[in-house]
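Novice: structure for this input, please:
(2 chains)
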Amino acid sequence: MRFNVDFVGKRRAFVFLSVLLILISIVLFFVKGFNLGIDFTGGTEVSVLVPDLNFSVADMRTELSAEDPIFGSARIIKQKPLSAESGQEKARFSIVVNVESDTELANTILKALADKGVTSSDMLSVNRISGFAAQEIKGYAWTAVIIAVALILLYITIRFQFSFGVGAIVALVHDLLITLGFYSLFGMEINAPVIAALLTLLGYSLNDTIVVYDRVRENMRKMGSKTIAEIVNKSINDVIVRSLNTSLTTFLAVLTLFIFSGEVLRPFAFGILVGVVVGTYSSLYIAAPVVIGWLERKKR
Amino acid sequence: MRANQKRLIISVIVLILALLPLLIPHGGAEGGTFLSKIAANIRLGLDIKGGALLEYQMVTQAPKEELNSLADRVVEVLRRRLDAAGFTEATVEKVTAKIEYGQDIPPVRVRVEIPGITDIEKAERLIGSTGKLYFADVLDIETGEATPQIPSDLLFEVSKRKLQGAEPYWLRDIHFGKLENGVRNQTWFLISPKVLVGTQFMELNGSSVTDAQPGVNPKPRPGQGKFMVTLKFNSEGANAFYKITAEKASYTSGDVKNRLAIVLDDRVIIAPGVDEPISGGSAVITGLQTIDEAKEVAILVGSGNLPVELASFNKQILSPTLGRDIIMAALWAGIAGLIVVMIYMVIFYGIMGLVADIALVYNSLLLFGLLSATGSILTLPGIAGIILTIGTTVDGNVLIYERIKEELRLGKTPENAIDSAFRKVFWTIFDANLTTIIAGLVLLYFGTGTVKGFAITLILGVIGAMFTNLVVSRTMLTGMSGSIKPARYVKETRTGGGEAR
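Specialist: So this is what the prediction gives:
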């Protein structure tokens, strides 16, 4: 399979599409906002089993609110049932209160559900993050993303040229914004592992970008007489089969993770799924055109 | 061909080295079946095997310079307590914030990890209690759900004691809220934290206790709990205890002044009447209802008290039941992902795809071996990292195959094509993977908790993928170069596949 498509000639259309997607994402940030997990807001997340399989989310909210009104605004999700140690199948609920509370909410939940036959052994998990801890996690997340981007820019500048680094960073920011836009659009939770997903996505998108750049560098040596646009176009055609294959296999592997891994890793897998698609697109259609623009200007 | 033999030997040796830490039991590994024995050689995070992670901040006004030594003392006391309570697998450590993001965030914390624990409440009581034991005067005893009022005839006494630095306060009974013989315990004690002996106030607290042992009370009073704790005092404490009990015994039984309260943190364990002066430097706390309760009191008193109060900073608890459910889901995701990718590679690249599949399995074994050998902790995000490694390994192989095809199209023999493809592709793979490693290292440094596990598997996986691609895949491809038909690719060029412009 070999390609010979004029990618570069249509780059204005692609840049337009990207700008449009980024604008939509930014509008979503402000209008719809994010579904931030307790890692970033502080609060309590409890997973609990209820013997009555027909117990509904509304029932749960009524029972809990009667004990403490803070549960009125809690996010309650009924998950797939789980077999307890006795082998008996029980309904499983996830209860998230995104507000820091002074009282021990896990105990409150136990107290409220005591008459439904819920005991402390039905408490599957408790995750309580204080406001200070959330503030620190948020701080680490920002610092990690900024330091990673800076180090990567440095590395590409050393190994390639500064203009390549700029192209890669433009592509990275593009990927981050659009992926975050998808998180907002689907109301997918953003928690600490999602930051890991975003950083991996940076690494991945960059991986693609570097493969394209590597080819551009090689072709610049080989076909010095051609224009930069022609060289870049040839390079994209050279590597596109590899880019698509790699992205598709990663996509498939992460898709199984998204489907089978359950609620805990789903937000993480979501980010990589979206990121792989956006990252492949950007390294072909965004990172390369930026380099063309930059190098052509320098030539003149 | 000789170079390839060298590569083959290296590949086999590395594989054996990777399998050794997996197969040889270490780190107290126990397991019934062969697979569970292997699994026992990998340290699992609390988010997989279940357990509690409790992080506490210290409630203190102490200046910043003293926080570190304060935390060290807290760690020491907590370790003694957890050991005494039988949580031998628990770890206690001091945590220092790498960067301070806010004035109010406590920069020094204490983190306790207890794997496989089911009784969280007990653990939290053990850790959270300051363990301050002291003997005190009782001014009044009342019952009721809410804090009682101070009776008017005691107001003068209360304000007098307040001036003398022994301000009385209401404390609940240790069994407050529990049912005892069908009656809910609602006992409150009005306590003055020092003991009045003659005209002088005396202090006696846990710091003069040298030993505390739980035991069974041979002669419990009717209606009283059957367990007790025996305390041994140092000579100074013994002396003070004698004076205090002599003073108490001078009042008639039934008078509240005859009672001596023993207070642990903010609960009154017991406030018995004193019949006669006690010498010999030993006291018993009786009236405890279960042996566990007696043990707990003995541990709290015997391991010394915490220099500060602790407040919850973070708390993550996972029951082993849910942990099992989660790991099974993640395992299936991993296996399904592996199989789907393997099938895809064979469909797309034929026999060369098979090489990629073997490389995938090889790198997975390598990764588990590295995890086991380095003693890294595998967390749930870590499993996600392993699944991502599948992508990285395949990526390297795809890059190589596309290059080999190109070289074949130029009319090279398969062997030459493979050689020059690997030469050209080396730096591409190196540059591309190094950026992933950079992101991984940043995560390893700044990641909190389980995210660190992700960074570890990502870094180890990418390094393993580079080795697998550049050495193992090359060995296999060179070995089978005879079966690659260059004519197929040369022809493809001539007919000019793809979408022509």
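Novice: longest helix in the chain, please.
Specialist: Reading this off chain A. helix A:228-260 (DSSP state H).
Novice: wait, I meant chain B there
Specialist: Chain B, longest helix under DSSP H: helix B:414-446.
Novice: just give the closest residue to whatever residue of the stretch 1-150 of chain A ends up closest to chain B, not the sequence neighbours.
Specialist: Residue nearest to chain B within the stretch 1-150 of chain A: A:Gly139 (3.2 Å; Cβ to the nearest Cβ). C-beta here means a position set from N, CA and C on the backbone, and glycine is covered the same way. Residue nearest to A:Gly139 in three dimensions, not counting chain neighbours: B:Tyr101, with 3.2 Å by Cβ to Cβ, 6 or more residues apart in numbering or on different chains.
Novice: say whether chain A is contacted by stretch B:465-483.
Specialist: No. For stretch B:465-483, no contact with chain A is found by Cβ under 8 Å from any Cβ of the partner chain; the gap never falls below 11.2 Å.
Novice: residue numbers of the stretch 201-350 of chain B in contact with chain A?
Specialist: Counting by Cβ under 8 Å from any Cβ, the residues of the stretch 201-350 of chain B that sit close to chain A are B:312-319, B:321-322, B:325-326, B:329-330, B:332-334, B:336-338, B:340-341, B:344-345, B:348.
Novice: quick one, which of these are buried?
Specialist: Taking 16 or more other Cβ atoms under 10 Å in any protein chain shown as the criterion, what is buried in those is B:312-319, B:321-322, B:325-326, B:329-330, B:333-334, B:336-338, B:340-341, B:344-345, B:348.
Novice: in contact with residue 272: list those residues for me.
Specialist: No chain was given, so I picked chain A. A:Ala197, A:Thr200, A:Leu201, A:Tyr204, A:Thr250, A:Val254, A:Leu257, B:Leu388 (Cβ atoms under 8 Å, 6 or more residues apart in numbering or on different chains).
Novice: sorry, I should have been clearer: chain B.
Specialist: B:Arg259, B:Leu260, B:Thr286, B:Gly287.
Novice: cool, B:Pro277 as well?
Specialist: Contacts of B:Pro277 (Cβ under 8 Å, 6+ apart): B:Tyr242, B:Thr245, B:Ala246, B:Ala249.
Novice: for chain A, see how far away it is.
Specialist: According to Cβ to the nearest Cβ, to the nearest Å, B:Pro277 stands 43 Å off from chain A.
Novice: quick one: pLDDT of that residue?
Specialist: As predicted, B:Pro277 sits at a pLDDT of 87.
Novice: so which residues of the stretch 101-250 of chain A form helices?
Specialist: A:105-113, A:131-159, A:162-186, A:192-222, A:228-260 (DSSP state H, counting those that start in this stretch).
Novice: show the average pLDDT along the longest one.
Specialist: The average pLDDT within helix A:228-260 is 86.
Novice: buried ones in that helix?
Specialist: Buried, per 16+ other Cβ under 10 Å, within helix A:228-260: A:228-229, A:231-243, A:245-258, A:260.
Novice: can you check the first one too?
Specialist: For helix A:105-113, burial by neighbour count (16+ other Cβ under 10 Å) applies to A:Leu105, A:Ala106, A:Thr108, A:Ile109, A:Leu110, A:Ala112, A:Leu113.
Novice: now, the most widely separated pair of the residues you listed?
Specialist: For these, the maximum inter-member distance is 12.3 Å, found between A:Leu105 and A:Leu113 (Cβ to Cβ).
Novice: follow-up on the earlier one: what angle separates the longest helix of chain A from helix A:192-222?
Specialist: Put simply, helix A:228-260 runs at 150 degrees to helix A:192-222, going by axes from the mean of the first three to the mean of the last three Cα atoms, to 10 degrees.
Novice: okay if I get the contacts of B:Pro277 as CSV plus secondary structure?
Specialist: Formatted as CSV, the contacts of B:Pro277 follow (DSSP: H, G, I helix; E, B strand; the rest coil):
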residue, secondary structure
B:Tyr242, helix
B:Thr245, helix
B:Ala246, helix
B:Ala249, helix
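Novice: need the max-distance pair from those residues.
Specialist: Among the contacts of B:Pro277, the pair separated by the greatest distance (Cβ to Cβ) is B:Tyr242 and B:Ala249, at 10.5 Å.
Novice: quick check: phi and psi at B:Gly223.
Specialist: Main-chain dihedrals, B:Gly223, degrees, to the nearest 10: phi 80, psi 0.
Novice: so how far is chain A from the closest residue to B:Val355 other than its chain neighbours?
Specialist: Leaving aside its chain neighbours, B:Val355 sits nearest to B:Met476 (4.7 Å; criterion: Cβ to Cβ, 6+ apart). Computed as Cβ to the nearest Cβ, the B:Met476 to chain A distance reads 19 Å.
Novice: equivalent analysis for B:Leu44, please.
Specialist: From B:Leu44 to chain A the distance is 15 Å (Cβ to the nearest Cβ).
Novice: for B:Arg7, see how far away the residue in the stretch 151-300 of chain B positioned nearest to chain A is.
Specialist: When scored by Cβ to the nearest Cβ, the stretch 151-300 of chain B has B:Gly177 as its residue closest to chain A, at 11.6 Å. Distance, B:Gly177 to B:Arg7, using Cβ to Cβ, to the nearest Å: 72 Å.
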